[in-house]
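Chemist: just the structure for this:
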Amino acid sequence: LRLAVHIQTSRALMVISLLLGFFGIIVSVVGMKCTKVGEDDPITKSRIAVAGGVLFVLSGLCTLAAVSLYATQVTYEFFRESTVPINARYEFGSALFIGWGAAGLTVLGGSLLCCSCPAKERRGQQYYRQSQPS
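Modeler: Model (predicted):
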């Protein structure tokens, strides 16, 4: 059984997206400030978190490309003149909308992780809590 090229391409993009998301989760957990894994330096930890955010953004873009490629093919097949009656043609299903929503949320989450990069001027400064006057 040989599948169409657009289905094989979408499948490959989704597998790549899953792998990027898996590694993004691992890298992001290591980069969180609340974990004891890895470096103790907060700047290094935030750079690791940014790397996890980049992986999430790439994962979301792969998902978006796969779902949009499949939707484009469905649209093309729907409007193409063929002998198949209109009521037997494919239409957008809920899986496409879930895929677009998942891609958007993954890109948004990755972007938020990328915003955790520390400012350069804060490097080396120490913040102390002010004691309450008695």
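Chemist: going along the chain, name the helices of the chain.
Modeler: All helices of the chain, identified by DSSP state H, fall at 5-31, 42-79, 94-114.
Chemist: for Pro85, find the nearest of those helices.
Modeler: The closest of the helices of the chain to Pro85 is helix 42-79. By CB to CB, the value is 12.0 Å. Heads up, the C-betas are built off the backbone N, CA and C, glycines and all.
Chemist: average model confidence for that closest one?
Modeler: Across helix 42-79, the average pLDDT comes to 91.
Chemist: switch to numbering from 878
Modeler: Got it, first residue is 878 now, which makes that one helix 919-956.
Chemist: do you know how far Glu958 is from Glu916?
Modeler: Glu958 is 62 Å from Glu916, where distance means CB to CB, to the nearest Å.
Chemist: which of the helices of the chain sits most buried?
Modeler: Comparing those by mean neighbour count (mean count of other CB atoms under 10 Å), helix 919-956 comes out on top with a mean of 18.
Chemist: check the offset of that one from the chain's centre.
Modeler: Centroid separation for helix 919-956 versus its chain: 5 Å, with CA atoms, centre = their mean, to the nearest Å.
Chemist: what is it packed up against?
Modeler: Judged by 3 or more CB pairs under 8 Å, 6 or more residues apart in numbering; DSSP states H and E, the packing partners of helix 919-956 are helix 882-908, helix 971-991.
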